[in-house]
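Asker: Requesting a structural model of the entry that follows:
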Amino acid sequence: MTNKIVAIQGNHPSKLNPKTDTSVFLANEIQRKKYRIFYFDPKDLSIINSKVIAKGFFIKFNYNNKKFYKIQKKKNLNLVKCKYILIRQDPPFNLEYISSTYILETIKHKVKIINNPTSIRNISEKLYSVKYQRFMPSTIFTQNIQEIKNFFKKNKYVILKPIHSFSGNDIHLLNKFKLKFIQRLIKKHDYIMCQKYLPKISKGDKRVFLINGKICGAISRIPKKGSYLSNMSKGATAKNIQLTKFEKKISKLIAKDLKKEQIYFAGIDFIDQKLNGDINVTSPTGLKTLFDISKINLAKTFWKYLKA
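Answerer: Numbering: from 1, shown residues only. Take a look at the predicted model:
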């Protein structure tokens with residue numbers, strides 16, 4: 001019989017902010033159903049004697065304590081003993097990240113893994129949006145300097161994003177082509193996403209939560225004054241929001257496609273009714289923020305659909 005254990009592959013709890021972190025929010029909810037939480041870092045994942053072993057620790061979360069977590073017992077755990085495994089570490093989507101998906105892939109038919117490690121590996125969060133470009137601002141994906149220069153000629157203000165970064169890191173707004181700066185960015189990140197800047201980002205974007213192929217909720221994230229970054233980690237504030245008919249139509253389309261790809265939990269973003277090109281499947285965030293401003297608990301929905 002499978003143990004009531006949820007393993008979380010993620011960043012160490014000491015690096016998490018309990019006020020906003022979705023991993024903590026999900027773990028706290030499933031603890032109510034008497035599941036134990038086992039936490040491990042992807043670097044501590046191994047295959048030994050054909051078994052997938054994680055060196056980590058059992059942990060208890062408690063929002064009421066000043067220190068919101070307590071490590072209970074360190075252990076080398078055979079992950080097939082778990083009921084669920086959540087892949088929740090932040091990008092960058094580097095070779096370590098990719099290797100961990102290959103390792104977990106070997107047990108995906110024995111344990112429910114969210115999101116499916118094969119699907120995470122196959123779906124580049126920004127490049128996957130190419131199939132929806134008709135719903136996006138003018139966008140190119142390249143590391144070719146001449147193509148970027150041509151894009152600047154057509155668009156006065158341009159957002160530059162590394163395709164494998166996260167949380168608004170190394171995103172830049174330029175109003176003219178800056179050769180040396182762009183060369184440094186490409187040297188650091190290889191492929192980048194160049195997108196026409198949408199000024200209405202100052203009014204906020206919309207983060208849509210997709211669970212099990214369904215639209216389950218949304219929030220608006222408003223950049224702090226003088227910023228164009230809507231990430232909560234960059235100082236944005238959140239408010240309740242309603243989706244337009246058009247946004248619902250696009251969200252349903254993407255939700256349906258992602259379910260076919262065996263992506264259980266994802267986040268997508270709109271700016272001024274345009275998809276911004278980020279299809280968040282590695283470690284979607286925002287559920288705790290939604291709960292704080294609306295009391296809508298999508299952690300319950302998350303586990304309900306899994307029949308936990």
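
Asker: How many neighbouring residues does the closest residue to residue 236 other than its chain neighbours have?
Answerer: Nearest non-adjacent residue to residue 236, counting by C-beta to C-beta, 6 or more residues apart in numbering: residue 221, 4.4 Å away. From N, CA and C alone the C-beta is placed, and that goes for glycine too. Residues near residue 221, counting by other C-beta atoms under 10 Å, number 22.

Asker: surely residue 195 meets residue 159?
Answerer: Yes. Counting by C-beta atoms under 8 Å, residue 195 does reach residue 159; the two are 4.7 Å apart.

Asker: Where does the prediction get shaky in the stretch 151-300 of the chain?
Answerer: For the stretch 151-300 of the chain, the stretches with pLDDT under 70 are 167-168.

Asker: redo that, cut-off 90
Answerer: Counting by pLDDT under 90, the stretch 151-300 of the chain shows low-confidence ranges at 156, 163-170, 226-235.

Asker: where do the strands sit along it?
Answerer: In the stretch 151-300 of the chain, the strands defined using DSSP state E, counting those that start in this stretch lie at 158-162, 172-174, 192-196, 205-211, 214-222, 237-240, 265-271, 274-280.

Asker: Can you tell me which of the ones you listed is nearest to residue 27?
Answerer: Residue 27 sits nearest to strand 265-271 of all the strands of the stretch 151-300 of the chain, at 13.9 Å, using C-beta to C-beta.

Asker: where's residue 170 relative to residue 186, distance?
Answerer: 11 Å (C-beta to C-beta, to the nearest Å).

Asker: swap that for residue 213, please
Answerer: Taking C-beta to C-beta, one finds residue 213 at 36 Å from residue 186.

Asker: Check residue 119 too.
Answerer: From residue 119 to residue 186 the distance is 28 Å (C-beta to C-beta).

Asker: Equivalent analysis for residue 56, please.
Answerer: Distance from residue 56 to residue 186, by C-beta to C-beta: 37 Å.

Asker: more crowded one of the two?
Answerer: Using other C-beta under 10 Å, the more surrounded residue of residue 56 and residue 186 is residue 56, with 24 against 18.

Asker: Go ahead and confirm the more buried one touches residue 38.
Answerer: Yes. In this structure residue 56 lies within contact range of residue 38 using C-beta under 8 Å: 5.8 Å.

Asker: Can you pull the residues that touch both of these two?
Answerer: 7, 75, 77 (C-beta atoms under 8 Å, 6 or more residues apart in numbering).

Asker: now residue 107, nearest residue through space, not along the chain?
Answerer: residue 52 (5.1 Å).

Asker: Which helix or which strand is home to the one you found?
Answerer: strand 51-61 (DSSP states H and E).

Asker: Give the other helices and strands that whichever helix or strand comes after that strand contacts.
Answerer: The first helix or strand that comes after strand 51-61 along the chain, using DSSP H and E, is strand 69-78. Under the contact criterion of 3 or more C-beta pairs under 8 Å, 6 or more residues apart in numbering; DSSP states H and E, strand 69-78 touches strand 36-48, strand 51-61.

Asker: Hmm, residue 84 is touching residue 306, no?
Answerer: Yes. Using C-beta under 8 Å, residue 84 is in contact with residue 306, at 6.9 Å.

Asker: count of neighbours near residue 6?
Answerer: For residue 6, using other C-beta under 10 Å, the count is 24.

Asker: Check whether it really touches residue 27, as I assumed.
Answerer: Yes. Counting by C-beta under 8 Å, residue 6 touches residue 27, with 6.9 Å between them.

Asker: Going by residue numbers, what spans are strands in the stretch 1-150 of the chain?
Answerer: Under DSSP E, counting those that start in this stretch, the stretch 1-150 of the chain gives strands at 5-9, 36-48, 51-61, 69-78, 84-87, 112-114, 139-142.

Asker: Nearest to residue 201, out of those strands?
Answerer: strand 139-142 (14.6 Å).

Asker: From the contact counts, what lies against that closest one?
Answerer: helix 145-154, strand 192-196.

Asker: Buried ones in the longest one, by neighbour count?
Answerer: Just to be clear, that refers to helix 145-154. For helix 145-154, a neighbour-count test (16 or more other C-beta atoms under 10 Å) marks 148, 151-152 as buried.

Asker: Give me the residues contacting it.
Answerer: Outside helix 145-154, the residues that reach it (C-beta under 8 Å, 6+ apart) are 138, 140, 142, 158, 174, 176-177, 179, 182-183, 186, 192, 194.
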